[in-house]
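Colleague: based on what follows, work out the 3D shape:
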Amino acid sequence: MALSEAILVCLADEPLTGYDLAKTFSQTIGFFWRADHQQIYRVLRQLKDAGLVTDELVVQQGRPNKKVYSITRAGRERLMTWSQEREPPASVKDDMMVMLYGLEHVDVAAMRDQVAERLTHHRARLALYERIEATSFTDVDPADPTQVGRLLGLQLGLAYERVWIAWCHDALAALDGLTAGSAHDR
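Modeller: Prediction:
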């Protein structure tokens, strides 16, 4: 997925300023696609140049003027075309996995610390997803594609975090066994 499609998806819901788009992005799509403010503004300019979004200058009193971006018909058509494209599943690119592959050549105690940090991260993310589920998905209309799509994404996020947590527990136990074994060898 390109950042341009992620932005179009957000704008398909409602017109937004660049600031509001970045804020919305960080609270929704940002869970599985990262972009900073500069990237978002750069892509908004490209989308406008391509005719996929328009902007409207809103004059404000006592505050700086703002641009509100809206998706165009061509932008909606781009989303439809994009949804029909086939992409292979994303590859895992994770430095820690490479370090684990070469575990005999790295600091095992440092690896244990990294896994413990991951465990903390994934527990926090799982708690956040569970709060979102409890507050926003208590009564999903199975005929509403917006609700169903977001729920399916959330369910995958919940499963992903649970798998990571279970793996971290197993990895910590295995790494603890290695560090205990190396202390006995000395």
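
Colleague: any idea which element His121 lies in?
Modeller: Using DSSP states H and E, His121 maps to helix 108-136.

Colleague: sorry, that was for Leu57
Modeller: Per DSSP H and E: strand 53-58 holds Leu57.

Colleague: list the buried residues for the helix or strand of the chain at the bottom of the mean pLDDT ranking?
Modeller: Every helix and strand of the chain was ranked by mean pLDDT, DSSP states H and E. The lowest is helix 18-27, at a mean of 85. The neighbour-count check on helix 18-27 (16 or more other Cβ atoms under 10 Å) flags 18, 21-22, 24-25 as buried. Yep, even glycine has a C-beta here, placed from its N, CA and C like the rest.

Colleague: isn't Gln39 right up against Leu3?
Modeller: Yes - under the criterion of Cβ atoms under 8 Å, Gln39 makes contact with Leu3 at 6.1 Å.

Colleague: out of these two, which sits in the busier spot?
Modeller: Leu3 (19 against 14; other Cβ atoms under 10 Å).

Colleague: and that one, what does it touch?
Modeller: 33, 35, 39-40, 43 (Cβ atoms under 8 Å, 6 or more residues apart in numbering).

Colleague: surely Tyr41 and Phe25 touch.
Modeller: No - with contact defined as Cβ under 8 Å, Tyr41 does not count as touching Phe25 (11.6 Å).

Colleague: okay, and for the chain, where does confidence drop off?
Modeller: 1, 181-186 (pLDDT under 70).

Colleague: got the domain boundaries for it?
Modeller: 3-84, 95-185 (automatic domain parsing).

Colleague: who's in contact with the most centrally placed residue in the chain?
Modeller: By Cα atoms, centre = their mean, the mean C-alpha position of the chain lies nearest to Phe32, the distance being 1.7 Å. Contacts for Phe32 (Cβ under 8 Å, 6+ apart) come out as 153, 157.

Colleague: are any of the contacts of Leu3 buried, and which?
Modeller: Using 16+ other Cβ under 10 Å, the buried members of these are 35, 40, 43.

Colleague: ok, now which ones touch the last one?
Modeller: Translated: Val43. Counted by Cβ under 8 Å, 6+ apart, Val43 has contacts 3-4, 7, 35.

Colleague: separation between Ala174 and Val106?
Modeller: Plainly put, Ala174 is 14 Å away from Val106 if you go by Cβ to Cβ, to the nearest Å.

Colleague: what is the neighbour count of Gly157?
Modeller: 18.

Colleague: I am finished for the moment; much appreciated.
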